[in-house]
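> Give me coordinates for this.
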Amino acid sequence: MDVLSPTSAKVEEARIRTVYAKRQGDELRYSWFSPGHLFLLQERERRLLALLKQHGFAQLDTKKILEIGCGTGYWLREFIKWGARPENVVGVDLLPDRVAEAKQLCPTAVTVQCGSAAQLAFFDATFDLVLQSTVFTSVLDSGMKQQIASEMLRIVKGDGLILWYDYHVDNPWNPDVRGVKKQEVYQLFPGCRIELQRVTLAPPLARWLAPRSWLTAHLLEKIPFLCTHYFGVLRKQK
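Numbers count the residues shown, from 1 in each chain. Predicted coordinates for the structure are as follows:
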């Protein structure tokens with residue numbers, strides 16, 4: 001197991017801040033008014049709701065929920081839309097500007113903190129649901145990945161769920177991210193029951209195809225080798 005040193009943590013966190021600062025200006029690509037982006041968002045919503053229902057989490061009003069790497073709070077607001085109480089929803093992000101925007105966009109009862117997912121300021125077994133969405137692919141230091149995974153396991157309840165959504169392929173146009181294969185997920189969360197399914201039609205293809213034929217995009221997303229992400233549930237062994 002790789003060990004994360006304080007120096008390595010600071011270096012990796014500085015790298016991540018620099019990378020995300022370069023991503024400013026992509027608002028049009030991630031607009032709800034972009035058919036391709038809307039297609040991707042709606043597919044993720046369908047998949048996540050199905051997973052929650054399958055695992056007995058259709059009633060969210062009593063669940064305590066944490067998202068690491070919450071960004072501007074999109075998923076936090078989605079959980080509230082699906083029935084979670086704002087006072088039970090928490091987000092953590094490394095970037096102060098994203099935390100500030102999330103606080104503006106989310107209900108005031110939602111807690112959004114600036115901090116590292118590798119050192120979470122919560123007691124053990126605090127949350128029923130812990131979500132990470134495209135966090136691990138943005139972390140290149142293996143020791144930090146392991147530390148984040150360990151923290152997620154520490155703060156999730158024994159009967160809780162860790163929800164995973166992330167790339168399993170590399171992006172040839174973006175050297176700042178690295179796909180996380182199924183084997184690596186098992187290594188990061190040893191001893192867990194892990195269910196992963198391939199989802200998300202390759203975003204460049206979805207963005208090109210959805211404005212032209214929504215039906216074709218919907219049919220192609222059912223072909224696993226055209227899908228670039230894993231969606232899954234991780235549970236502690238009882």
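> can you tell me which residues contact the closest residue to residue 238 other than its chain neighbours?
Nearest residue to residue 238, sequence neighbours excluded (Cβ to Cβ, 6 or more residues apart in numbering): residue 158, at 7.1 Å. (Glycine included, C-beta is placed from N, CA and C.) Contact analysis of residue 158 by Cβ atoms under 8 Å, 6 or more residues apart in numbering lists 125, 236, 238.
> Scan the residues you listed and report the most crowded one.
Neighbours here mean other Cβ atoms under 10 Å. Within the contacts of residue 158, the largest count is held by residue 236, at 17 neighbours.
> distance of that residue from residue 108?
Using Cβ to Cβ, to the nearest Å, we find residue 236 at a distance of 33 Å from residue 108.
> Have a look at this structure and report its longest helix.
In terms of residue count, the longest helix belonging to the chain (DSSP state H) is helix 35-54.
> List of residues touching it?
With contact meaning Cβ under 8 Å, 6+ apart, helix 35-54 is reached by 29-32, 58, 60, 78, 82, 161, 163, 165, 197, 199-201, 203, 206-211, 214, 217-218, 221, 231-233.
> And the average pLDDT for that helix is what?
The predicted model gives helix 35-54 an average pLDDT of 95.
> Can you give the distance of stretch 204-219 from its chain's centre?
The offset between the C-alpha centroid of stretch 204-219 and the centroid of the whole chain comes to 23 Å, using Cα atoms, centre = their mean, to the nearest Å.
> and stretch 122-138, which residues are buried?
For stretch 122-138, a neighbour-count test (16 or more other Cβ atoms under 10 Å) marks 122, 126-133, 135-138 as buried.
> now stretch 156-167
Using 16+ other Cβ under 10 Å as the burial criterion, the residues of stretch 156-167 that qualify are 156, 157, 160, 161, 162, 163, 164, 165, 166, 167.
> Tell me which helix or strand the fourth one sits in.
When secondary structure is defined using DSSP states H and E, the element that contains residue 161 is strand 156-167.
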